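Engineer: Quick one: sequence and predicted model below, then my questions.
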Amino acid sequence: MIFLTLLFMLVVILVAAEVFTNALEHLGEKLKISEGVTGSLFAAVGTALPETLVPLLALLAGTQNVQVNEEIGVGAILGAPLMLSTLSMSLLAFAVLAKRGVHGEFRPEKTGLLRDLNFFLAAFAFAALALFIPHTMTAVRATLGFSMVLIYFIYIMLTLRASKALVQDGHATEAGEPMFLCRAGLPNNMAVILIQLVLGLGLLVAGAKGFIHGVETAAPLLGITALLLSLLIIPIATELPEKVNSILWIRKHKDTLAFGNITGAMVFQGTLLPAIGIMLTPWEPRREVLAGVIITLVAAAWLRWMAGRGHLKVWHVWVNGALYLTYLVIALV
């Protein structure tokens, strides 16, 4: 029965992703903003809500076992950027392999992609550094946490500032299909767009929460600890919205939206959530945690290097997938 529930919730997420991305494209087109803003800010933050709620609920309103709450919190905080930078990226290659081939290229708008990765690497380096700061140095930890929050707000301002020039250069958000609610006879105006957007986002959150609950129920059958559960299993469920949204966009040759959806979520989850973890959890360099942080940084740095060279090929992101498999070996063996 639990596996039928998981399958049903997966279908809900898939349908919700179609509704959400469809409305988001029309919102971006209506606001005359760039694909970078639509993908890196609107889509990334919107679909990051399910995985954002997991560590917050675990730390602030979890079980009576404080250690379990902290393990789930730390694992969910670090598992999300790990999953996005490795497995999620590699799935884009499989989505376009038949049409573009192994040596085909991804063509996201370069400046936005590099900005996302630069900010993520800078912020997540602070998160790695904080692992080695003693708990007694609360002022130092608080300073690092505040710096990471500040980094995200600077990122938002720079992303919005770049939008106008990108629109003029031909990178404006364009809706590829009519809005779903308009097919039912409703007008294509801002109110209807927002209604469909909220509907899609609500379905995404509900589907992800249902999937998480099912995973948590099934995890004891696999003999997995709370930390490994939150590092490996929960992110697979909570990152489904980003994965599905990006796959839908990459198959439509909307590479900027596809990559921005993932890298924008990486910045969001690599700044604000680790800042909370640094201040509310032990945040120690346990083997699973340290390995996850290092592999996440290596995966993001590899993507940054390849994108910076100007030719991001399909096979390049398979390296990110291989890094995820490497982490599985380290964590499970």
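Structural biologist: Looks like it arrived, so ask away.
Engineer: which stretches of the stretch 201-333 of the chain form strands?
Structural biologist: Counting by DSSP state E, counting those that start in this stretch, one finds strands in the stretch 201-333 of the chain at the ranges 312-313.
Engineer: any weak-confidence spans in it?
Structural biologist: Residue ranges of the stretch 201-333 of the chain with pLDDT under 70: 208, 211-230, 233-234, 237-242.
Engineer: centroid residue for the protein?
Structural biologist: With distances taken as CA atoms, centre = their mean, residue 265 lies nearest the centre of the chain, 3.8 Å away.
Engineer: Look up the closest residue to it, ignoring the ones flanking it.
Structural biologist: In space, and not counting its chain neighbours, residue 265 is closest to residue 44: 4.1 Å by CB to CB, 6 or more residues apart in numbering. The way it works is simple: take the backbone N, C-alpha and C, and place the C-beta from them, glycine included.
Engineer: Tell me how far the one you found lies from residue 140.
Structural biologist: Distance, residue 44 to residue 140, by CB to CB, to the nearest Å: 29 Å.
Engineer: Just the helices from the stretch 201-333 of the chain, written as ranges.
Structural biologist: With DSSP state H, counting those that start in this stretch, the ranges of helices along the stretch 201-333 of the chain come out as 226-228, 234-238, 240-251, 255-280, 287-308, 316-332.
Engineer: List the buried residues in the longest one.
Structural biologist: For helix 255-280, burial by neighbour count (16 or more other CB atoms under 10 Å) applies to 255-278, 280.
Engineer: so what does that helix touch, helix or strand wise?
Structural biologist: When contacts are defined as 3 or more CB pairs under 8 Å, 6 or more residues apart in numbering; DSSP states H and E, helix 255-280 sits against helix 35-37, helix 44-47, helix 49-61, helix 66-83, helix 89-100, helix 110-130, helix 138-168, helix 240-251.
Engineer: so which of those comes closest to residue 192?
Structural biologist: Set against residue 192 and scored by CB to CB, the helices and strands packed on helix 255-280 come closest in helix 44-47, at 17.4 Å.
Engineer: Now do the closest one, average pLDDT.
Structural biologist: The predicted model assigns helix 44-47 a mean pLDDT of 69.
Engineer: And residue 6, what's its pLDDT?
Structural biologist: Per-residue pLDDT puts residue 6 at 68.
Engineer: hmm, back to that, which one of residue 44 and residue 140 has more residues nearby?
Structural biologist: residue 44 (24 against 14; other CB atoms under 10 Å).
Engineer: Contacts only, for the more buried one.
Structural biologist: Contacts here follow CB atoms under 8 Å, 6 or more residues apart in numbering; on that basis residue 44 touches 242, 260, 261, 262, 263, 264, 265, 267, 268.
Engineer: export those to TSV and tack on distance to residue 158?
Structural biologist: Converted to TSV, those look like this (distance: CB to CB, whole Å):
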residue	distance to residue 158
242	22
260	14
261	18
262	18
263	14
264	12
265	17
267	11
268	14
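Engineer: Could you tell me how many residues sit around residue 185?
Structural biologist: 6.
Engineer: Run through the residues that contact it.
Structural biologist: For residue 185, no residue meets the contact criterion (CB under 8 Å, 6+ apart).
Engineer: Against residue 194, how distant is it?
Structural biologist: 18 Å.
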